[in-house]
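Peer 1: Sharing a model prediction with you, sequence too.
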Amino acid sequence: MKFAGSQKGLSFLGWIIALALVAFVASTAFKVIPHYLDYMSMKKIISSVGTDKALDVTTVSDFYSYVRKGMQVNSIRDLDLEKALSVTVKDNQFLAHLNYEEREPLIQNIDLVVKFDHEFSVAKP
């Protein structure tokens with residue numbers, strides 16, 4: 001029981017290391033989370049083409065213009081739609097393939113890379 005007095009918690013150096021670790025994780029999260037939110041918005045926009053019966057989306061160009069308008073509403077500006085999305089028509093449905101990656105600088109020459117790849121089968125309204 002002699003050592004109970006010396007075991008009071010983290011030392012000053014321990015607190016600095018813990019704080020630095022929490023700051024690093026928070027900084028990384030603040031850089032990556034917006035890209036995931038944009039991806040979720042893109043998935044919702046593309047999926048809504050088949051569920052909204054009031055839409056008049058019958059061609060591939062209509063599909064692109066609808067997605068472009070949805071991107072504008074959701075303030076997704078960093079994504080080149082022509083490179084990220086490919087749309088074809090097969091058997092009265094749209095086959096959309098969303099495939100892109102985003103890079104976010106972390107420290108000096110180290111980047112965070114998030115890659116998104118999802119295929120959709122959307123029925124024509």
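Peer 2: It's in.

Peer 1: Which residue ranges of this protein form strands?
Peer 2: Shown for the chain, the strands assigned by DSSP state E span residues 85-90, 93-107, 110-123.

Peer 1: okay if I get these as TSV plus mean neighbour count, mean pLDDT and distance to Tyr39?
Peer 2: C-beta: built from backbone N, CA, C; applies to glycine. Below are the strands of the chain laid out as TSV (neighbours: other CB atoms under 10 Å; pLDDT from 0 to 100; distance: least, CB to CB, whole Å):
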stretch	mean neighbour count	mean pLDDT	distance to Tyr39
strand 85-90	14	93	12
strand 93-107	15	94	8
strand 110-123	12	94	5
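
Peer 1: Would you convert the ones you listed into TSV that also reports distance to Ile16?
Peer 2: Putting the strands of the chain into TSV (distance: least, CB to CB, whole Å) gives the following:
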stretch	distance to Ile16
strand 85-90	46
strand 93-107	18
strand 110-123	22
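
Peer 1: Ile17 is nearest to which of the ones you listed?
Peer 2: strand 93-107 (17.2 Å; CB to CB).

Peer 1: What is the longest helix seen in the chain packed up against?
Peer 2: When the chain is parsed with DSSP state H, its longest helix is helix 12-51. Contact partners of helix 12-51 among helices and strands, from 3 or more CB pairs under 8 Å, 6 or more residues apart in numbering; DSSP states H and E: helix 60-73, strand 93-107, strand 110-123.

Peer 1: if we go to 6 Å?
Peer 2: With contacts taken as 3 or more CB pairs under 6 Å, 6 or more residues apart in numbering; DSSP states H and E, helix 12-51 sits against strand 93-107, strand 110-123.
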